[in-house]
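# Quick check, what structure comes out for this input:
(2 chains)
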Amino acid sequence: MQSIEQTSRRNFLKIAAATGGGLFLGFNWSNAATLPIVVNPEALAAGAVNFNSFLSIGTDNIITIFSPNPEIGQGIKTAFPMIVAEELDADWTLVKTVQANLDTNKYERQVTGGSGAVPHSWERLRKAGATARYLLVESAAKRWNVPASEITTEKGKVFHKTSGKSLTYGELAEDASKIAVPKEIKLKQEKDFTLIGQSVRNVDNKNIITGKPLFGLDFYREGMLFALIQRPKAFGLKLKSVDSAAAKKMPGIVDVVTFENSVAVVGKSTWQVKKAREALKIEYEKEFDLESSADHNRIFKQLLENGEATVRRKNGNVEEAFKNAFKVVTAEYQCPFLPHSPLEPMNFFAHVREDGVELVGPTQTPDRARNEAAKITGFPPEKVTVEITRQGGGFGRRLSADYAIEATHVSKLVKAPVKVIWTREDDMTGGTYRPAVRYRFEAALDKSGQMIGYKLRGVGMNSGNPTREDNFPSGAVDNLLIDSVEHKSPITTGPWRAPITNFLAYAEQSFLDEVAEAAGKDPIQFRLELFEKAKKSPVGEIKYDIDRMVAVTKLAAEKSNWGKKKGVHQGFSVYFSHRSYVAQVGEVVVEKGKPVLKNVIAAVDCGIVINKSGSLQQVRGGVVDGVGHAMYGNMTFKDGAPDQNNFNGFRLIRMSEIPEVDVHFVNNGISPTGLGEPALPPAGAAAANAFYKATKKRLRNQPFTEEEAFKNIS
Amino acid sequence: MALLKLQINNRSYEADVEEDTPLLWVLRDNLGLVGTKFGCGIAQCGACTVHLDGEAVRSCVLPVSAVGKGKVTTIEGLSENGDHPVQKAWEEVDVAQCGYCQAGQIMTAAAFLKKNPKPTDAQIVETMSGNLCRCGTYHRIKEAVKSAASKTK
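Residues are numbered from 1 along each chain as shown, chains lettered A, B, ... in the order given. Okay, the predicted model is just below:
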């Protein structure tokens, strides 16, 4: 408990210095039921106040809000304060957001992942803003001796219209801090929002466009050493011997240290350690099978046929349905390994001191970094601090703490502050990939084209369950079997933006296009009939909202003028993931004999949109990411080693290759349901189905550009 | 090691470095100019783009000894107050997501517009396709370059 008070006090003093006193509201980000409490400086100094985070209003009218979740480009550092400012009626130009350091006593879920930050914090943030507004209004009522009901607020000011009086929030902050916090607080109605739903620019824009130090790689400390690490060049190898004599003699090199299967070259500059690393002589030996992509292809087919499958969902009698089928449609889809490729490579600063550990860097899970550092050093976790920097993309890669672990090891071994840096080659060959997967789908149709049976088997690498068995079309088919088989690979894998669904949605929505065609139905009409069936006579449990699926489907059809454009080949896809609903229409035009994806129309239901500008870009970026990887992304292996190690071998989508992305949000007043991931999953199928319309060739493997069908036409 | 004199952002700098050190790492590790980013190290992504005598170059593959008396401009020196037309357009269009690639994008765009103040859409796309943005902000990069072009005389 001691440490909470000390940390809190330190933060408090920092804000106090920045704002020159005023109202301090501590609010609990982790429990929406807990109302914010006024933190009075004396009580705080005495360590008597139990609180979790700060919203401060300074006498200079500056409102400071700590944002606990790591910013990786999803726009949370802008969206969070918008929500607080809305309820507070703050003057947006006077709101400042500060990235909070890791503090598990103050915050819950200090994680960026799963598109969960806004859904998780929506109500907490609103209450924090609304409570502060209440206190300001009450204090003004007291000062003017008028009923609080006659007082209005706007843009950081309190008004009493009948007397013409007004005060700024800053002028009232001291008084407000003495008012008792209400037991209940009324939140605004959506129709009264003035900031939420508007376009607000990224709060870090100015720093970004002028090149200010923001990112983990930009963090430098006096006396800091640089480390590059040589890891085994293939998955399945382990370290046998190291000869570092030549490397140690090179200029600027301080030490070469070994831990686990890693050899770290530590020195005075990035370039010096990079050159010295090339002088290492290391021998490895085989620990596990050295897998190649050809092995994976064989394993996939073997396990699809003979693997021992785990049943994930079963409805009705599938065998009977397929026996009675008028028509059976079968198809297999496969996707490759993918690196995350955030543009800022992995890096982390660690200083293992005698009294604790200081960590600084880009991480989506600071708590994991801290716990791992504690384990390595033997310090209790509260002796490990983690400062979270802005991050040059994450895409799930920074959910792994491996590079923070490395930094801790190296700092401990060389007894100095160290920054571990990964080159792009390290980043691309260093593992935790999106694992490859293969799906087999089977559909049974009756004479009228009704889908009476559905089977899906997923075979994944280290993926656990590579299906999402309760997603559509589950619930809409009487007889259904979804199962999975897993292969344990020594190639390290981890979550990649929209885990599982990033590939599953492509495969499923492409397959349903095949089934619709076999049933002789329009792909959208086919899905609408299934939604209707799920609504009228649901089969088993349904874990998605059918009405929201229908709404985005119809909106995408309407906005794309579905089926009515001449010379435009349209493909449809709709998917529910991470709580949100997205339908997309891909549009392919044949230019000089080549099919080109010109446009994607996206209909999005993520509940209430917080920041119009950020959300629009989030959807566009998600589509570009989904289309780009579906078209070009391919990581292959030979004897356990990746064949691609940089952007010359691994192709990322570029400006000349993107479609236009036309975004439409559903406005239904539902609380926000997340947007960092949901726009990505449907993109692959919207493109594949549109390409099919243009070429009559199915694209059943990613990347599309490696498909025979695609090669022949482009 | 050699003591090299460099002209960067209209200032003189000295760096005691090995001659084959890429300019990028001298800027970052030795001179504290960290606005220029490391992305790939092989001139594929453009995050490290700076101007050398007005030309956009990839500082990750440019040995510092090759800079000679050339005038280097980095994102920190593109304008006094972050108000270069390209920077302003980036802010107004709200281009950045994570923001990591944007300094390189801005430097590429600024050099391009200086030579070609009235570019066609195709020329913008051709030039800017040399810079990667992993967040996929390409639509807005294109919009911002067009907007900056319309305001540059």
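# When you work out contacts or count neighbours from here on, use the C-alpha atoms and nothing else.
Will do.
# tell me which element A:Gly73 falls in.
Per DSSP states H and E, A:Gly73 falls between elements, in no helix or strand.
# for A:Val111, same thing?
Here A:Val111 is assigned to no helix or strand, by DSSP H and E.
# Number of residues surrounding it?
Counted with other CA atoms under 10 Å in any protein chain shown, residues neighbouring A:Val111 total 21.
# okay, now the residue lying closest to it once chain neighbours are set aside: neighbour count?
For A:Val111, the nearest residue in space outside its immediate sequence neighbours is A:Thr365; the separation is 5.0 Å by CA to CA, 6 or more residues apart in numbering or on different chains. Neighbourhood size, A:Thr365 [other CA under 10 Å]: 22.
# Using the record's assignment, carve the chain into domains.
Using chain A here. If you go by automatic domain parsing, the domain ranges for chain A are A:2-200, A:216-287+A:346-421, A:307-337+A:433-713.
# should've been chain B
Taking automatic domain parsing as the domain assignment, the ranges for chain B are B:2-77, B:85-151.
# Mean neighbour count, those domains: which tops it?
The highest mean neighbour count among the domains of chain B, using mean count of other CA atoms under 10 Å in any protein chain shown, belongs to domain B:85-151: a mean of 22.
# Quickly check: that domain near chain A or not.
Yes. Interface with chain A: domain B:85-151 contributes B:87, B:90-92, B:94, B:96-103, B:106, B:125-126, B:128-139 (CA under 8 Å from any CA of the partner chain).
# wouldn't A:Gly394 be in contact with A:Pro70 here?
No. The criterion here is CA atoms under 8 Å, and A:Gly394 misses it with A:Pro70 at 9.8 Å.
# Can you pull the residues that touch both of the two?
A:Gln364 (CA atoms under 8 Å, 6 or more residues apart in numbering or on different chains).
# Looks to me like A:Ala498 is in a strand.
No. Assigned with DSSP: H, G, I helix; E, B strand; the rest coil, A:Ala498 falls outside any strand and is coil.
# Contacts only, for the closest residue to it other than its chain neighbours.
For A:Ala498, ignoring the flanking residues on the chain, the nearest one in space by CA to CA, 6+ apart is A:Glu677 at 5.2 Å. Each residue near A:Glu677 by CA under 8 Å, 6+ apart is listed here: A:114-115, A:497-498, A:577-578, A:622.
# okay, residue 90: pLDDT?
This is for chain A. According to the prediction, A:Ala90 has pLDDT 94.
# nope, chain B please
pLDDT, read off for B:Trp90, is 98.
# List the residues that contact it.
B:Trp90 sits next to A:209, B:96, B:106, B:141, B:144 when contact means CA under 8 Å, 6+ apart.
# Just give me the closest of those to A:Gly197.
B:Ala96 (18.8 Å; CA to CA).
# element containing that closest one, please.
Per DSSP H and E, there is no helix or strand for B:Ala96.
# Just the pLDDT for it.
At B:Ala96, pLDDT is 97.
# So for stretch A:152-166, what gets flagged as buried?
A:153, A:155-160, A:166 (16 or more other CA atoms under 10 Å in any protein chain shown).
# nearest residue to A:Ile608 other than its sequence neighbours?
A:Ile608 sits nearest to A:Pro672 (CA to CA, 6+ apart), 4.9 Å away.
# How much space separates the one you found from B:Lys151?
38 Å (CA to CA, to the nearest Å).
# Same question for B:Leu23.
Counting by CA to CA, the gap from B:Leu23 to B:Lys151 is 32 Å.
# A:Lys612 now?
Using CA to CA, A:Lys612 is found at 25 Å from B:Lys151.
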